[in-house]
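Q: next comes the sequence, and after it the predicted model I'd like to discuss.
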Amino acid sequence: MAAPAPGTAPQITVQPLSQTVPLGSSAKLSVHASGSTPFQYQWSRNGTPIDGATTSPYTTSTLGLADSGDQFTVTVTNSLGSVTSAPAVITIGPRSPDPRDLRFKHVDFPQPLTDLASTNIVASPGAYSSFFQQDTVGTPMEVGTVGDCAGTGSDANCSWHFNVFTPTNTNGFYSFYSGDLLTDLQPDLKQVERMQNAVLTTLDEQPAYGLMAYSYEQDQTVSGGFTQTFMTVLPANFQQTAQQLGDKGGVITAATANEAGSVDLVSYTWAGAATTTYDVQALLVSAADVEEQASSLAADGYILTAVGSAGANQFVLVGTKVHGDTLPRSFYALSINNPGPSDADPELFEVGGVFDQNGNVVFVEE
């Protein structure tokens, strides 16, 4: 009888990968080895074995800022020897919102997105259009100091642009956009409020034309969870009111100037983050400064949760982040007529759009 073939000690064929992990999430590590089975695995963190981490794939505990730079290795052993992997270095990046938390404009949505529609809705005193689509995620509408509306009296008309995408593997979302008469503002908001599983993502009032537009995202996989609050505040009280809402778990998702020059805002709490509080920056900025101010908010870790028009030469910007977060977010201000990072990376999603001195510009964050 021939002697059995000699076994071989383990060799690592695929090393665990270094990665950037969103704050408050876990890292998923894996290793592949060749050699004589069975193998035993032992993961270590900064050189110290991790109790119970003894399988080829390993998921860390929830990671915080203090964990950035930690190194994970794995030792693979069989009866003939052992080998230790190269270290996988973990870098902590900005927090990713929960994919079902509609208040954060689908930032860091986990699936690649397929472009479905890039279109407009319109409104005039005698008619208005709407757009709605099942199993989609939609951007806020682009608002502006110029470009939305034209004409006077019965010839007045407004148009608002937006984009809608189809997630690759996620169903249940629903996108809705509509123009309307400004006198129908409160009935329209009440309709969205009654759904309890929908969040207003844009509100644009055009008092000079008697028209308005709004958009919302809906999660049809749940029956409730979002509670709406509508408020009208003086500009001088905007920041204080916004932070008070954040202290109670509220996120402002839409804001616009009204005919009296005050700010109409809509905020939501969400049952999925009932104990989370937020830091908020609520700004009225000039058309010349809107891109710089939006970029500055992202650099301080804020997600743009509301972008609105505020008269002839101003915009409303609201930035929201989990209380205490400090990590900067990547931010781009892109002309819709020119390719940019969002074209190359389908996971970059528009959080707002404006017509300003640079034309039609959208903001994307990650």
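A: Thanks, I have the structure now. Note that this is a predicted model, so its numbers are computed, not measured.
Q: got any ranges where the stretch 251-366 of the chain has weak pLDDT?
A: Scanning the stretch 251-366 of the chain with the threshold set as pLDDT under 70 gives 336-349, 353-360.
Q: go again with 80.
A: Applying pLDDT under 80 to the stretch 251-366 of the chain flags residues 311-313, 334-366.
Q: for it, what spans make up the strands?
A: Here the stretch 251-366 of the chain has its strands, by DSSP state E, counting those that start in this stretch, at 251-257, 263-270, 278-286, 303-309, 314-322, 331-335, 349-356, 359-365.
Q: try the stretch 101-250 of the chain
A: Here the stretch 101-250 of the chain has its strands, by DSSP E, counting those that start in this stretch, at 113-124, 127-128, 130-134, 137-138, 142-144, 149-150, 157-167, 173-181, 198-206, 211-219, 226-233.
Q: which phi and psi does residue 94 have?
A: phi -60, psi 150 (degrees, to the nearest 10).
Q: so it makes contact with residue 326?
A: No. Counting by Cβ atoms under 8 Å, residue 94 stays clear of residue 326, with 9.1 Å between them. For every residue, glycine as well, the C-beta is placed using N, CA and C.
Q: quickly list what's touching both of these two.
A: Residues touching both residue 94 and residue 326 by Cβ atoms under 8 Å, 6 or more residues apart in numbering: residue 301.
Q: more crowded one of those two?
A: residue 94 (24 against 11; other Cβ atoms under 10 Å).
Q: for that one, give its distance to residue 246.
A: Computed as Cβ to Cβ, to the nearest Å, the residue 94 to residue 246 distance reads 17 Å.
Q: residue 265 now?
A: Where residue 246 is concerned, residue 265 sits at a distance of 12 Å (Cβ to Cβ).
Q: likewise residue 210?
A: Counting by Cβ to Cβ, the gap from residue 210 to residue 246 is 33 Å.
Q: equivalent analysis for residue 42, please.
A: Separation of residue 42 from residue 246 (Cβ to Cβ) stands at 44 Å.
Q: and if you look at residue 203?
A: Counting by Cβ to Cβ - residue 203 and residue 246 are separated by 19 Å.
Q: now do residue 352
A: 18 Å.
Q: next one: residue 151
A: Distance, residue 151 to residue 246, using Cβ to Cβ: 39 Å.
Q: ok, residue 73 next?
A: The spacing between residue 73 and residue 246, counted by Cβ to Cβ, is 41 Å.
Q: what do you get for residue 29?
A: 35 Å.
Q: likewise residue 278?
A: 4 Å.
Q: could you do residue 57 as well?
A: Distance of residue 57 to residue 246, given as Cβ to Cβ: 38 Å.
Q: between the two, which one's more packed in?
A: Remark: of residue 57 and residue 246, residue 246 carries more neighbours, 24 against 11, as counted by other Cβ under 10 Å.
Q: tell me if I'm right that the more buried one and residue 282 touch.
A: No. Counting by Cβ under 8 Å, residue 246 does not reach residue 282; the two are 9.4 Å apart.
Q: break the protein into its domains for me.
A: 11-93, 102-365 (automatic domain parsing).
Q: please work out which of those domains is packed deepest.
A: Ranked by mean neighbour count under mean count of other Cβ atoms under 10 Å, the domains of the chain are led by domain 102-365, which reaches a mean of 19.
Q: hang on, residue 96 packs against residue 25?
A: Yes. Shown here, residue 96 and residue 25 form a contact pair, counting by Cβ under 8 Å, at 6.6 Å.
Q: so for residue 21, which of the strands of the stretch 251-366 of the chain sits nearest?
A: Comparison of these against residue 21 by Cβ to Cβ identifies strand 314-322 as nearest, at 15.7 Å.
Q: can you name every helix or strand that the closest one contacts?
A: Judged by 3 or more Cβ pairs under 8 Å, 6 or more residues apart in numbering; DSSP states H and E, the packing partners of strand 314-322 are strand 251-257, strand 278-286, helix 290-299, strand 303-309.
Q: looking at these, which is nearest to residue 140?
A: Ranking the helices and strands packed on strand 314-322 by proximity to residue 140 (Cβ to Cβ) places strand 303-309 first, at 6.4 Å.
Q: convert the C-alpha atoms of that closest one to PDB, please.
A: C-alpha atoms of strand 303-309 as PDB (Å, rounded to 0.1, in the frame of the first residue of the first chain):
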ATOM      1  CA  ILE A 303     -25.500  66.100   6.400                       C
ATOM      2  CA  LEU A 304     -27.600  68.600   4.500                       C
ATOM      3  CA  THR A 305     -31.000  67.600   5.500                       C
ATOM      4  CA  ALA A 306     -32.800  70.600   4.100                       C
ATOM      5  CA  VAL A 307     -32.100  73.000   1.200                       C
ATOM      6  CA  GLY A 308     -34.600  75.600   0.400                       C
ATOM      7  CA  SER A 309     -35.100  79.000  -1.400                       C
END
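Q: what angle do it and strand 359-365 make?
A: Strand 303-309 and strand 359-365 are oriented at 160 degrees to each other (axes from the mean of the first three to the mean of the last three Cα atoms, to 10 degrees).
Q: state the pLDDT value of the residue nearest in space to the middle of the chain.
A: Nearest residue to the geometric centre of the chain (Cα atoms, centre = their mean): residue 107, 1.7 Å. pLDDT recorded at residue 107 is 86.
Q: got it, and residue 146?
A: Per-residue pLDDT puts residue 146 at 53.
Q: please apply the same query to residue 125.
A: pLDDT, read off for residue 125, is 87.
Q: correct me if wrong: residue 313 contacts residue 286.
A: Yes. Between residue 313 and residue 286 there is a contact at 5.8 Å, judged by Cβ under 8 Å.
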